[in-house]
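A.B. asks: Model the following, please.
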Amino acid sequence: MRTFLSALALTALSPFAFADSGKVAVGSGLGGVLGNIVGQQVGGSTGAAIGAGLGGAAGGVITASDRNKTEAALGGGLGAAGGSVLGGQLGGSTGSTIGAGLGGAAGGALANEYAGGSDGKRSGHPGKKHKHKHKHRRH
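C.D. replies: The predicted model follows:
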């Protein structure tokens, strides 16, 4: 329980770069933590990484806007799984849980912001400007 509370506190206190992505960061981080804890009980370190990835992805999907669900799921899942593996190498099961929470939060928030946050405009792609086509009237 102590591991869960410390991971929960770090996930909740992690800095969010963008206000719109805060909800996705919390969802992906908490999903990563819960998935990591359940996965550790079921399948050790491999189960923890798989559980963190699935939990981070689910948390991202639940909390993202309709336009950004795919990006938030990918970011939250990959961030949580990567954080779980890296944290496990550095700090055992506690490090794995904390890494899953922080990785899920960061991955979910960054992916959601890349997808455009709540406005749906991709910040990484300038896109083409649409020229207004008009018909010429015959006189």
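
A.B. asks: Mind giving me the packing neighbours of the helix ranked longest in the chain?
C.D. replies: Across the chain, the helix with the greatest residue count (assigned by DSSP state H) is helix 69-114. Judged by 3 or more CB pairs under 8 Å, 6 or more residues apart in numbering; DSSP states H and E, helix 69-114 is in contact with helix 2-13, helix 22-63. For glycine as for every other residue, the C-beta is placed from the backbone atoms N, C-alpha and C.

A.B. asks: Contact partners for the closest residue to Gly87 other than its chain neighbours?
C.D. replies: The shortest distance from Gly87 to any non-neighbouring residue, by CB to CB, 6 or more residues apart in numbering, is to Gly99 (2.2 Å). Listed by CB atoms under 8 Å, 6 or more residues apart in numbering, the contact set of Gly99 reads 82-88, 90-91.

A.B. asks: For these, which entry has the maximal number of neighbours?
C.D. replies: When neighbours are counted as other CB atoms under 10 Å, the busiest of the contacts of Gly99 turns out to be Ser84, with 37 neighbours.

A.B. asks: any idea how far that one lies from Thr63?
C.D. replies: Distance, Ser84 to Thr63, by CB to CB, to the nearest Å: 19 Å.

A.B. asks: Could you check the pLDDT of Asp66?
C.D. replies: Listed pLDDT for Asp66 reads 85.

A.B. asks: go on, Leu102?
C.D. replies: Here, the pLDDT recorded for Leu102 equals 91.

A.B. asks: what's around it, how many residues?
C.D. replies: Other residues within reach of Leu102 by the criterion other CB under 10 Å amount to 24.

A.B. asks: ok, it touching Gly29?
C.D. replies: Yes. Taking CB atoms under 8 Å as the contact criterion, Leu102 and Gly29 are neighbours in contact, 6.8 Å apart.

A.B. asks: So Val33 sits against Gly103, correct?
C.D. replies: No. At 10.1 Å, Val33 and Gly103 do not qualify as touching, with contact defined as CB under 8 Å.
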